[in-house]
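Q: Pasting the sequence and the predicted model now:
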Amino acid sequence: MLVSEQKPMEEILRSLDGEKRIFLVGCKGCAEGCESGGEQQVIEMKQKLEEEGKTITGFSLIDMVCNESLTRMKLASHRQATDSADSLLVLTCGIGVQSTAAVVDKVVHPGCNTISSGGAHAEWKEAERCLECGDCILDYTGGICPIARCPKNLFHGPCGGSEGGKCEIHPDLPCAWHLIIERLSKLGRLDKLEAVVPPKDWSVSLTGGPPRPR
Ligand code: SF4
Ligand code: SF4
């Protein structure tokens, strides 16, 4: 099971700043098991956001949001509600956030931090998508993870070595930062890259920080 925990509400509200209409995505798989993004947490989040003056255009609870095909199919049935939203808030592991970003042309906000894969692998299997860093930054990167997909784990890419959109380290792979910039350009949200982001706290990362008792 991919282990995630909900981000603090202040951080979620900060990421939604300036956006009024939100569509929520929850997961009936791991996130429900972790109580970070199952049915109860989605309903609670809806109430909290409404109290903050947001309009929830709709929500979807998907069996496994990390299954990109399933997410595509499920969200297609909510097309009107997602189209009328300013953004989507996704209460799942980082892979679920990325599969949502891959199927919807909207800004997608992570509502959770992924803290462990729990020895399992998500349903979107063709590439590594999340390294359980414990402090998800997909909000700034158009829903594409530079920690998992850039060999240099760059937070301020591209490194200058990419050619034709390919990574200089692995020319058979796309440059993660090329993808991030392409996506943010398409969404008209290159301003995301202007945000001053505090240095990353690696102490909460399973792979980059000290071991934590769990
Ligand atoms: S930033 Fe990447 S590694 Fe960190 S939780 Fe999000 S998807 Fe996972
Ligand atoms: S080319 Fe892109 S993906 Fe590859 S190391 Fe440089 S920034 Fe990272």
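A: Cool, the structure landed. Ligands and ions are numbered 1, 2, ... in the order given.

Q: Residue of the protein nearest ligand 1, please.
A: The chain approaches ligand 1 most closely through Gly94 (2.3 Å), counting by Cβ to the nearest ligand atom. Where you see a C-beta, it was placed from the backbone N, CA and C, and this is true even at glycine.

Q: is stretch 65-73 up against ligand 1 anywhere?
A: No. Residues of stretch 65-73 contacting ligand 1 under Cβ under 6 Å from any ligand atom: none, with a closest distance of 10.9 Å.

Q: which residues are contacting that stretch?
A: Contacts to stretch 65-73, defined as Cβ atoms under 8 Å, 6 or more residues apart in numbering, come from residues 2, 25-27, 29-31, 62-64, 90, 92-93, 95-96, 99-100, 102-103, 122-124.

Q: Dihedrals phi and psi, the residue of the chain closest to ligand 1?
A: phi -60, psi -30 (degrees, to the nearest 10).

Q: Identify the residues contacting it.
A: By Cβ under 8 Å, 6+ apart, Gly94 lies in contact with Ser4, Pro110, Thr114, Arg129, Cys130, Glu132, Cys133, Cys136, Leu138, Cys145, Ala148.

Q: Skip the chain neighbours and tell me the closest residue to it.
A: Distances taken as Cβ to Cβ, 6 or more residues apart in numbering place Cys130 nearest to Gly94, at 3.7 Å, with adjacent residues excluded.

Q: my guess is that neighbour is in a strand, correct?
A: No. According to DSSP: H, G, I helix; E, B strand; the rest coil, Cys130 belongs to no strand; its state is coil.

Q: which bits of the chain sit near ligand 1?
A: Contact residues (Cβ under 6 Å from any ligand atom) of the chain with ligand 1: 94, 113-114, 130-133, 136-138, 145, 147-148.

Q: In this structure, what residue spans correspond to strands?
A: Here the chain has its strands, by DSSP state E, at 3-6, 21-27, 55-62, 87-91, 107-110, 112-116.

Q: Next, format the contacts of Gly94 as CSV and append distance to Gln41.
A: Below are the contacts of Gly94 laid out as CSV (distance: Cβ to Cβ, whole Å):
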residue, distance to Gln41
Ser4, 11
Pro110, 14
Thr114, 15
Arg129, 22
Cys130, 19
Glu132, 20
Cys133, 21
Cys136, 16
Leu138, 18
Cys145, 22
Ala148, 24
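
Q: and the nearest residue in space to Lys74 that is not next to it in sequence, what is it in contact with?
A: Leaving out its chain neighbours, the residue that sits closest to Lys74 by Cβ to Cβ, 6+ apart is Ile62, at 4.8 Å. Listed by Cβ under 8 Å, 6+ apart, the contact set of Ile62 reads Val25, Gly26, Cys27, Lys28, Leu70, Thr71, Lys74, Leu75.
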